[in-house]
Structure formats: C-alpha cells, structure tokens
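Q: Below are the sequence and a predicted model; questions follow.
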Amino acid sequence: MSQINKPSEYFNTKLYSGNSSTQSITGVGFQPDWTWIKYRNDGTYGHDLYDAVRGATKTLNSNNTNAEYTSADRLTLFDSDGFSLGSNASVNNSGGNYVAWNWLAGGTGVSNTDGSITSTVSANTTSGFSIVSYTGNGSAGSTIGHGLGVAPAMIITKVRSTSNNWMVYHKSLPITEYLIMNSTVASQTDNEVVYYDTAPSSSVFTIGNNGVVNGSGSTYIAYCFAEKKGFSKFGSYTGNGSADGTFVYTGFKPAFVIFKNTTTANRQWYLMDNKRNTYNVANIVLAPNQANDESWWGTGNNIDFLSNGIKIRSNSDINNSGDNFIYMAFAENPLVGTNNIPTTAR
C-alpha cells in the first residue's frame, strides 16, 4: 500500500473568527468537498455539515435527527482554498470562534451503477474517502456503490428527506452491530434492517429496509472511509481505567480523532484535533452528538498526540476499564516521510 506523505492535501482543520457579515475562509489548502463546522464558544449552535454532492447551502446537523434543510446564509460556496459564509450565527457570529474540518473527495459526484441502487459518488481513491448520495427503494439487501475500490472501514449514513438517526458502520464492530452518531447509546444489534449483516465489499455496501438507511423514496447521504497508510486509521482499543492509559498505534502523528465507547451506554462521542489542542496534554473536546461548546466538557479527557499514535492520559470516558472503544483518526504527518526522516512528537 502506497503512503500519503502530505496528509494536509486531503484533510485539514481550519480555525476562524466570525464577523456577522459575509466572509471567505481561506488557507484550507484545497477546495473541500466535505466541511464540518462547529461554533466553539457557544453551545446554542450545533454541528453544521456540508458537502459538494448535496450542494453548499444544504445543512445537516450531527447532533440531532433533523432532515436536511437549505440555508442561504450559512456555508454558501466551496472555494478553491476554502469556503464562503453568510451571516448566520451558527457559522459566522461576530466574536465567535469556529472550527471547520475539511476533507477532499472528488467534486460534485458522478453516477455509480455498481450497486442495485444507482448512486451519485464523489470519491478520492488516494485518500480513501467518498461521499455517496442515493434514493432508497425499501428492499432489504439492496447494494450501493461507494467508489473507493477497496472496502470501507467506516460508513456514516444519514437520511436527508426525513428526520431520523445518523447510522455508523465500523469495521471493528461485529457486522451485526452499528452505532448512532447523534446518540450516547452503546453499539446496537442490526437484525438485518440497517447494514443487512453484510460487510462492505470493494465496490458496494449493503443495506436493509429500515427507514434510517433505505426507506422507499427517501434520499440519503453516506460518508465512506477506507484506511490509507500515513493518512487514516480506523480501529478499536480496550480501556484500562488508569491515568497511564492505553496507547493507540496509528502509524502517523494524528491531526484529528473521534472516540466512542461501544460497551457502556450514556457515553458521548469525543472529537479532538491538533489545531485546537496545540500541545500535550491535549484536552479540548467537542462532541459530535452534542451542541455544547468546548468549555462545557472540562479537562478530564486527556490524551497525547504522539509521532506514531495516541496515548490516553486519564481515567475518563475515553478509558473506562474493560470497555471497548472505536476510533477514527486522520494524520498530520506520517511516521516516516519520503525523506526518511521520522516525524517528531510535540
């Protein structure tokens, strides 16, 4: 497997300040195809997710079940080096501090007929990320083309046209189980109505007939991720309940990581990145399933971003003894680049 040596060409976190007017946010380094924005210092506003397949003004919120809605004054355009904003306080309030996580896919998408349901796919096979739009047919065992050329390690699916949960497939869970991104529940049993107890293949993923993934006539968006050396890692670990916590090997210095306890209920999803956490110990947290701001979470969930992975530094909700945790991580730098010089911890 070839290695990605400059991860920032495919994923980048951008911090910015709001102005309550219009502004263009630059410095992303590419034209993003998926942008996820959170107001850092105001818990009134949720997580706003936008992508190039649905169109710039189409908003979904990871912290609730709402259907997609159009907002002409939020993210208005994907630009060559970032994105443009309207005056809505959710993304651009004067005095507000914001974080935007950005991924590169393959533009607005093309038709994909690999599955029994034709999809529209924006794929980047180099970085292992695709955005998939489809319309459900209500038939269990239907397949959807994802365009990655290898089996996805993680899939996040949301119905666009109605209100319902965000469904998550992760390779580290039994194929009969799934997670709900807008919820604190532990992993749930599939019973063949969500991902149809069938692991994704190199060309398609399989869905049941449940309305969360395949209601007849309903529209859906799926974000699909494959593991790529030097860029992304999807795995699991067992908590040890100690301040000298588990070490998670990724093979790169992380730039972004999400954790979720899959064993015990009433546990949040936790999201950390290297732009808001600029030194170790890192403890600035947001939760994809909650609108709460950064300060609400306190400093109890401590980790180190290391040159080759993540070290858990607390007995906390990301390290409960004996519990299983899944994670998704993206890189700042690979452990060893093309110059054969190892990256350093901070």
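A: Thanks, I have the structure now. Numbers count the residues shown, from 1 in each chain.
Q: Let me see the ranges of the helices in the protein.
A: Remark: helices assigned in the chain by DSSP state H are 89-92, 211-214.
Q: Against which helices or strands is the first one packed?
A: Think helix 89-92. Under the contact definition 3 or more CB pairs under 8 Å, 6 or more residues apart in numbering; DSSP states H and E, helix 89-92 sits against strand 34-39. Placement of C-beta: from N, CA and C, glycine included.
Q: Do a quick rundown of the strands in the stretch 101-250 of the chain.
A: Secondary structure of the stretch 101-250 of the chain by DSSP state E, counting those that start in this stretch: the strands cover 110-112, 119-124, 129-135, 142-145, 154-159, 166-170, 177-180, 188-189, 204-207, 219-225, 232-238, 247-249.
Q: neighbouring strands for the last one, and are they parallel or not?
A: Right, the one you point to is strand 247-249. strand 309-312 (antiparallel) (DSSP bridges).
Q: swap in the first one?
A: Looking at strand 110-112 with DSSP bridges, its partner strands are strand 119-124 (antiparallel).
Q: State the mean pLDDT of the strand it pairs with.
A: Mean pLDDT, strand 119-124: 98.
Q: Equivalent analysis for stretch 102-110, please.
A: Per-residue scores along stretch 102-110 average to 98.
Q: Now do the buried residues in that stretch.
A: 102-106, 109 (16 or more other CB atoms under 10 Å).
Q: any residues touching it, and which ones?
A: 9-14, 28, 30-36, 51-53, 82-83, 120-124, 127, 129-131, 133, 147 (CB atoms under 8 Å, 6 or more residues apart in numbering).
Q: Can you tell me the number of residues neighbouring Gly235?
A: Using other CB atoms under 10 Å, the number of residues around Gly235 comes to 17.
Q: who's it bridged to?
A: Residues in beta-bridge contact with Gly235 (DSSP bridges): Tyr327.
Q: shouldn't it be in contact with Ile310?
A: No: counting by CB atoms under 8 Å, Gly235 does not reach Ile310; the two are 10.5 Å apart.
Q: Pull up the overlap in contacts between the two.
A: With CB under 8 Å, 6+ apart as the test, Gly235 and Ile310 both reach 248, 327.
Q: and the helices of the chain as CSV, adding mean neighbour count, distance to Ser187 and mean pLDDT?
A: Listed next are the helices of the chain as CSV, based on neighbours: other CB atoms under 10 Å; distance: least, CB to CB, whole Å; pLDDT from 0 to 100:
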stretch, mean neighbour count, distance to Ser187, mean pLDDT
helix 89-92, 24, 30, 98
helix 211-214, 24, 15, 96
